[in-house]
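Colleague: Provided below are the primary sequence and the corresponding predicted coordinates.
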Amino acid sequence: MQHLINILIKTIFVENVIFAFFLGMCSFLAVSKKIKTAFGLGLAVIFVMVLTTPLNYLILRYLLFEGALGWIHPSLASVDLTFLSFILFISTIAGAVQLVEMVVEKFLTALYTSLGIFLPLITVNCSILGASLFMQEREYNFAETTAFSLGAGIGFFLAIVLLAAIRERLRYSNIPEPLQGLGIAMIVTALMGLAFLSFSGIQL
Amino acid sequence: MSTETTPVAVVEEKKKEGLFSKKNLRVLRDPLDDTNPVTVQILGVCSALAVTVQVKPAIIMALGVTVVTAFSNLIISLIRNTIPNRIRIIVQLIVAAMLVTIVDQLLKAYMFDVSKKLSVFVGLIITNCIVMGRLEAFALAQRPWPSFLDGIGNGLGYGIILVIVAVIREVLGSGSVLGFKVVPQWLYDMGYVNNGLMMLPPAALFLIGIFIWWQRSRNRKLINAS
């Protein structure tokens, strides 16, 4: 149990998806102009992340790994389909996002109006696919995968809400014209990244 | 933001034009500066930052992205009239995923060390916003050849930023380019030290931020681009 909490804390603070790996920077920079929208996108990312990464783990473990198909027929036991992981991962994510969008639209209309427009965006958010690929590369087991995906989602949420809060303030500050907007957002993100680096001293 | 732009229906020109007509050349050249995917369109920032600690992975990554963008643009443009609008995102992702799988397998077979260094970022070309953004904004409405050129142009525009950032980071961070020492030994003897900040992730953000600043003060019409 403590091991899982360690993974969770590590992925939120020490190896934050945004500040340590730059995953999902596109939507991070584009949707961080207001706290409210950033909040919505952050929640949607947590949700989709926790849904798809464990799902992808199951697909990888029970369909793609060498020997995983042995239960269908013994002759399939030597088949290794790991090279198909990209296509299956992204299909799962795209499918899950579409499904979530439909369910939320049908049953949770209030949530849909606040999250709705962000859900399709999430399919192409690098951090979601990135979490699945890290899960594969680091050879996590199921419990670790779940903790990792929750941590990655919360890390993204934290980062985007913080940046949005800073950018709302920045609107009133006197920044050289060519640096306004994207330029200053990059530099602010870099400074936040430096601040988050201080967490790397934590021994877990 | 790429995914929000709806493809603009462009009236296709009936008359034949040469393979490298002025218009096609502009499609190829514009992304290198005026519509650069990283600094102007804010596409594909994720990987631009993460693979630029050294020059070699940056070059390989740029080539990978160029190949994937060009060919996925070509394929989507060829089948653009048969894709149902509702599922176009999934179709685009599958085409991109297929091409990335090919690139990944080639890298694993012939350049294993680089493949290890790039780790998950090869796979992340699939969701690299450049690929999706150009498919949505260009390939869905244009003919195959201009789409192919647009893919190459955007891939190279991304590559330029990557290589510039990587060269700065490698020279200042480890005193070398492509593994060859460029900072002479006597400088170290005089007390020069490599800048450790350049090896850390935030350095890439600083550099791109400064690059954007420089580009926009040189070309002021870009200021309200985003």
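Modeller: Yep, that arrived.
Colleague: right, is the lengthiest helix in chain A up against chain B?
Modeller: The longest helix of chain A (DSSP state H) is helix A:142-170. No: residues of helix A:142-170 contacting chain B under C-beta under 8 Å from any C-beta of the partner chain: none, with a closest distance of 11.7 Å. All C-beta atoms are positioned from the backbone trio N, CA, C, and that covers glycine.
Colleague: beyond that helix, next helix or strand please.
Modeller: For helix A:142-170, the succeeding helix or strand toward the C-terminus, using DSSP states H and E, is helix A:182-197.
Colleague: buried stuff in that following helix?
Modeller: A:182-190, A:192-194, A:196-197 (16 or more other C-beta atoms under 10 Å in any protein chain shown).
Colleague: ok, stretch B:110-128 next?
Modeller: B:114-115, B:117-128.
Colleague: and what of stretch B:175-184?
Modeller: Going by neighbour count (16+ other C-beta under 10 Å), the buried part of stretch B:175-184 is B:175, B:177.
Colleague: how far does it sit from its chain's centre?
Modeller: Chain-centre distance of stretch B:175-184: 25 Å, with C-alpha atoms, centre = their mean, to the nearest Å.
Colleague: hmm, back to that, need the worst-confidence member of the buried residues of stretch B:110-128.
Modeller: Within these, the minimum per-residue pLDDT falls on residue B:119 (72).
Colleague: not counting sequence-adjacent ones, nearest residue to that one?
Modeller: Nearest residue to residue B:119, sequence neighbours excluded (C-beta to C-beta, 6 or more residues apart in numbering or on different chains): residue A:137, at 6.0 Å.
Colleague: for the one you found, grab the count of nearby residues.
Modeller: A count of nearby residues for residue A:137, using other C-beta atoms under 10 Å in any protein chain shown, gives 12.
Colleague: wait, doesn't residue A:192 sit right on residue A:20?
Modeller: No: if you go by C-beta atoms under 8 Å, residue A:192 and residue A:20 don't touch, sitting 11.5 Å apart.
Colleague: residue contacts, the residue minimising distance to the centre of chain B?
Modeller: For chain B, the residue nearest the mean C-alpha position is residue B:158 (3.0 Å; C-alpha atoms, centre = their mean). Shown in contact with residue B:158 (C-beta atoms under 8 Å, 6 or more residues apart in numbering or on different chains): B:36-38, B:43-44, B:48, B:62, B:65-66, B:130.
Colleague: SS state for it?
Modeller: helix (DSSP: H, G, I helix; E, B strand; the rest coil).
Colleague: state the pLDDT value of it.
Modeller: The per-residue pLDDT reported for residue B:158 equals 86.
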